[in-house]
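Chemist: Model the following, please.
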Amino acid sequence: MLSDKAKGDFLVEMMGPWYASYFATWLTYARADPRRVLVLDYENFRNLPEVALEKLLAHSGMPRSPEQCRVALEAVWAERDSFRFNKGVSGRGHKRFTGDQIAQLQRQVDIYPELGPYRTRLIPPL
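Modeler: Numbers count the residues shown, from 1 in each chain. Here you go, the predicted model:
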């Protein structure tokens, strides 16, 4: 069984570069054709899920009213755990990873200039 540090090292070394590259690629694609890609912010979703859902549906060509979005979310919200909904705990990476691991993640993000504006949202400073 791996220690917490070994698990963190694995995540940082294997998934960190993939995630940074993946996100940078999508941001580049979104800038090239903003009508095709909608970049949403998880914090905005957590704070105002009905607004995020309304934006997503409108972008997808299926506009719904704010009231319809609110009703839809209320219908599933109580059972969100059965849909594997993310618990939405911001900042949990700082509890999960060591300072050295976070610094390595920051270096991985810094490889991609297009991630610059998102750096502190992707990996908040210690």
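
Chemist: Let me see the contact set for residue 114.
Modeler: Applying Cβ atoms under 8 Å, 6 or more residues apart in numbering, one finds that residue 114 lies in contact with 24, 27, 28, 31. For glycine as for every other residue, the C-beta is placed from the backbone atoms N, C-alpha and C.

Chemist: try 7 Å
Modeler: 24, 27, 28 (Cβ atoms under 7 Å, 6 or more residues apart in numbering).

Chemist: Same check on residue 115?
Modeler: 20, 23, 24, 109, 122.

Chemist: in the protein, which ranges drop under the pLDDT threshold?
Modeler: Filtered on pLDDT under 70, the chain yields the residue ranges 84-88.

Chemist: For it, which segments count as helices?
Modeler: 4-10, 16-32, 42-47, 49-59, 66-77, 92-96, 99-110, 119-122 (DSSP state H).

Chemist: hang on, the earlier thing: PyMOL command to pick out the buried ones of the contacts of residue 115?
Modeler: To isolate the buried ones among these in PyMOL, judged by 16 or more other Cβ atoms under 10 Å, type:
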select buried, resi 20+23+24+109
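
Chemist: Report the two of the contacts of residue 115 separated the most.
Modeler: 24 and 122 (10.5 Å; Cβ to Cβ).

Chemist: Residue 112 reaches residue 22, doesn't it?
Modeler: No. At 10.2 Å, residue 112 does not count as touching residue 22 under the criterion of Cβ atoms under 7 Å.

Chemist: With neighbour numbers in mind, choose between the two.
Modeler: residue 112 (17 against 11; other Cβ atoms under 10 Å).
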